[in-house]
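> Got a predicted model here, sequence first, then my questions.
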Amino acid sequence: MTSCHPSIVAGLEAAQAPTLDIEDLTRRMAAGDEAAYRTFYDAYFPRLSRYLLVVAAGNEEAAAEALESTLLRVVRYIRVFPSEEAFWSWLTVLARSAFRDQSRKRSRYRAFLERFTRHAEIEESGPDSPEADSRMQTALASSLAALPEEERQLVEGKYFQRRSVRELAEALQVSEKAIESRLVRIRQKLKAALLLKLKNE
């Protein structure tokens, strides 16, 4: 696929806009009309998919994740737009924001992974290879999902939301030492689960 700047792609996509009454469509979407959302999906899913594939520099997995997040944001923030140009411009802002958020999330996952894989050996590929990184991210997501809700929220609060130990302690009404002890135990549990998953693959 030929590389092209997202702004150029946005312009090309806007030039190929569907013939729709956008004001009526977005008004019905804002009112929760399912038929309007189906019309929107049919008209804009392929365009947003192409746009995000360029934003993601051809990374199909990253583009797909950002597209899913974009569509959820459309449902959450939809409002009435007077024209297709204004609507498409808003959609591309949502799409770029979703992609940036997904990229930051992947970066946090990679930083978190280093805690549990710094001394681990991967036989099939080196620890810094894209294949190993993808495998470890998948294993980590699975291990996190298997944690009890309270433990998962604690990990996400500390390492993904970057909340301090003091903030977490105040929210749970326990001492900072208690939070630190819980984090140590959870890290040990996650490391064991993660390495077991990687060995069994």
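That came through fine.

> Restrict stretch 171-188 to CA atoms and write it as CSV.
What follows is stretch 171-188, C-alpha atoms only, in CSV (Å, rounded to 0.1, in the frame of the first residue of the first chain):
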residue,chain,number,x,y,z
ALA,A,171,-9.6,5.2,47.4
LEU,A,172,-9.6,1.8,49.1
GLN,A,173,-9.3,3.3,52.6
VAL,A,174,-6.2,1.2,53.5
SER,A,175,-2.6,2.1,54.3
GLU,A,176,0.0,2.7,51.6
LYS,A,177,2.0,-0.3,52.9
ALA,A,178,-1.1,-2.5,52.4
ILE,A,179,-1.3,-1.4,48.8
GLU,A,180,2.4,-2.0,48.2
SER,A,181,2.1,-5.5,49.7
ARG,A,182,-0.9,-6.3,47.4
LEU,A,183,1.0,-5.0,44.4
VAL,A,184,4.0,-7.3,45.2
ARG,A,185,1.7,-10.3,45.5
ILE,A,186,-0.2,-9.5,42.3
ARG,A,187,3.0,-8.9,40.3
GLN,A,188,4.3,-12.3,41.5
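
> So for that stretch, mean pLDDT?
Averaged over stretch 171-188, pLDDT sits at 90.

> quick one: buried residues of it?
Residues 179, 182-183, 186-187 are the ones in stretch 171-188 that count as buried (16 or more other Cβ atoms under 10 Å). Using the backbone N, CA and C atoms, a C-beta is placed for each residue, glycine as well.

> Could you do stretch 83-97 as well?
Quick answer for stretch 83-97 (16+ other Cβ under 10 Å): 84, 87-88, 90-92, 94-96.

> I'd like those residues as a markdown table, with secondary structure appended.
Below are the buried residues of stretch 83-97 laid out as a markdown table (DSSP: H, G, I helix; E, B strand; the rest coil):
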| residue | secondary structure |
| --- | --- |
| 84 | helix |
| 87 | helix |
| 88 | helix |
| 90 | helix |
| 91 | helix |
| 92 | helix |
| 94 | helix |
| 95 | helix |
| 96 | helix |
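
> Which members of these are the farthest-apart pair?
Largest separation among the buried residues of stretch 83-97 by Cβ to Cβ: 84 and 96, giving 18.6 Å.

> For residue 20, give me the pLDDT.
Here the pLDDT value assigned to residue 20 is 88.

> Excluding chain neighbours, what is closest to it?
Distances taken as Cβ to Cβ, 6 or more residues apart in numbering place residue 43 nearest to residue 20, at 6.3 Å, with adjacent residues excluded.

> Brilliant, that's me finished.
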